[in-house]
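**Student:** task: produce atomic coordinates for the following.
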Amino acid sequence: MLDAVKLSLRLLEDDYDTEILDIIEGCKLDLKLAGIVKYTDDDPLILRAVTLYAKGHFGSANTGEKFLQSYESLRNSLSVAGDYSV
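**Tutor:** The predicted structure follows:
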């Protein structure tokens, strides 16, 4: 998942790996709080959610809010989908 998120952030170097891993874990915890607990890291919708979350927290201040709004919308949709909750 780290490589996919780095690619979405247009990063090739490893300088920010620790920060990006923290963002990924933060997203997973946020998904869990929303009741989204049944998924795999290679699930396309989960990967999309994580990349949106990362772009919202790692991107510039001007565009971060738009990515976070998109993330929240996807998270809310996933939380009512029976395939992702207990």
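**Student:** CA atoms only for the longest helix along the chain - export them in PDB, please.
**Tutor:** Once the chain is assigned using DSSP state H, the helix that runs over the most residues is helix 61-80. In PDB, the C-alpha atoms belonging to helix 61-80 read as follows (Å, rounded to 0.1, in the frame of the first residue of the first chain):
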ATOM      1  CA  ALA A  61      -3.200  23.600   1.900                       C
ATOM      2  CA  ASN A  62      -5.100  24.800  -1.100                       C
ATOM      3  CA  THR A  63      -6.200  21.300  -2.300                       C
ATOM      4  CA  GLY A  64      -6.100  19.200   0.800                       C
ATOM      5  CA  GLU A  65      -9.600  20.100   1.900                       C
ATOM      6  CA  LYS A  66     -11.100  18.800  -1.400                       C
ATOM      7  CA  PHE A  67      -9.400  15.500  -1.000                       C
ATOM      8  CA  LEU A  68     -10.600  15.200   2.600                       C
ATOM      9  CA  GLN A  69     -14.100  15.900   1.500                       C
ATOM     10  CA  SER A  70     -13.900  13.200  -1.100                       C
ATOM     11  CA  TYR A  71     -12.400  10.800   1.400                       C
ATOM     12  CA  GLU A  72     -15.200  11.500   3.900                       C
ATOM     13  CA  SER A  73     -17.800  10.900   1.300                       C
ATOM     14  CA  LEU A  74     -16.300   7.600   0.300                       C
ATOM     15  CA  ARG A  75     -15.800   6.600   4.000                       C
ATOM     16  CA  ASN A  76     -19.400   7.300   4.700                       C
ATOM     17  CA  SER A  77     -20.600   5.300   1.800                       C
ATOM     18  CA  LEU A  78     -18.300   2.300   2.800                       C
ATOM     19  CA  SER A  79     -19.600   2.500   6.400                       C
ATOM     20  CA  VAL A  80     -23.200   1.700   5.300                       C
END
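**Student:** contact partners of that helix?
**Tutor:** 27, 30-31, 34-36, 45-46, 48-49, 52-53, 55-59, 84-85 (Cβ atoms under 8 Å, 6 or more residues apart in numbering). Yep, even glycine has a C-beta here, placed from its N, CA and C like the rest.
**Student:** which of these are buried? Put it as a PyMOL command.
**Tutor:** Entered in PyMOL, the line below selects the buried ones among the contacts of helix 61-80, by 16 or more other Cβ atoms under 10 Å:
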select buried, resi 27+30+31+34+36+45+46+48+49+52+53+55+56+57+58+84
